[in-house]
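Student: The amino acid sequence is not available; the structure is as follows:
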């Protein structure tokens, strides 16, 4: 199965859930990542029940706080 993860091609053997994908794709700080699957945000509580499929596009997003000067 072919996926696009953060703009990079990734090939995996079987359908996996979002939590497993975080491990396979070696996501930085998976406890803080926001996941977007085919343009839709996936709630953290749904990581175990949301599966990726052939041709899906996944983005791992990290939001950082900052201040103005």
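Tutor: Received it, and whenever you're ready, just let me know what you need. These numbers were taken from a predicted model, which means no experiment stands behind them. Residues are numbered from 1 along each chain as shown.
Student: what bits of this protein have low per-residue confidence?
Tutor: Within the chain, the ranges that satisfy pLDDT under 70 run 66-69.
Student: Now do the strands in it.
Tutor: 2-5, 8-11, 34-37, 40-42, 57-61 (DSSP state E).
Student: Same list, the ones you listed, but as JSON lines with distance to residue 50 and mean neighbour count please.
Tutor: From N, CA and C alone the C-beta is placed, and that goes for glycine too. Below are the strands of the chain laid out as JSON lines (distance: least, C-beta to C-beta, whole Å; neighbours: other C-beta atoms under 10 Å):
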{"stretch": "strand 2-5", "distance to residue 50": "13", "mean neighbour count": "16"}
{"stretch": "strand 8-11", "distance to residue 50": "16", "mean neighbour count": "10"}
{"stretch": "strand 34-37", "distance to residue 50": "7", "mean neighbour count": "17"}
{"stretch": "strand 40-42", "distance to residue 50": "5", "mean neighbour count": "12"}
{"stretch": "strand 57-61", "distance to residue 50": "10", "mean neighbour count": "16"}
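Student: Tabulate those strands (TSV), appending distance to residue 22.
Tutor: What follows is those, written out as TSV (distance: least, C-beta to C-beta, whole Å):
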stretch	distance to residue 22
strand 2-5	10
strand 8-11	12
strand 34-37	8
strand 40-42	11
strand 57-61	8
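Student: how about these, which one is nearest residue 27?
Tutor: strand 57-61 (5.1 Å; C-beta to C-beta).
Student: and for the closest one, what are the contacting residues?
Tutor: 3-6, 18, 21-22, 25, 27-28, 33-39, 52 (C-beta atoms under 8 Å, 6 or more residues apart in numbering).
Student: on that earlier part again, between the strands of the chain, which one is nearest to residue 48?
Tutor: Ranking the strands of the chain by proximity to residue 48 (C-beta to C-beta) places strand 40-42 first, at 10.6 Å.
Student: strands paired with that closest one, and their directions?
Tutor: Strand pairing for strand 40-42, determined by DSSP bridges: strand 34-37 (antiparallel).
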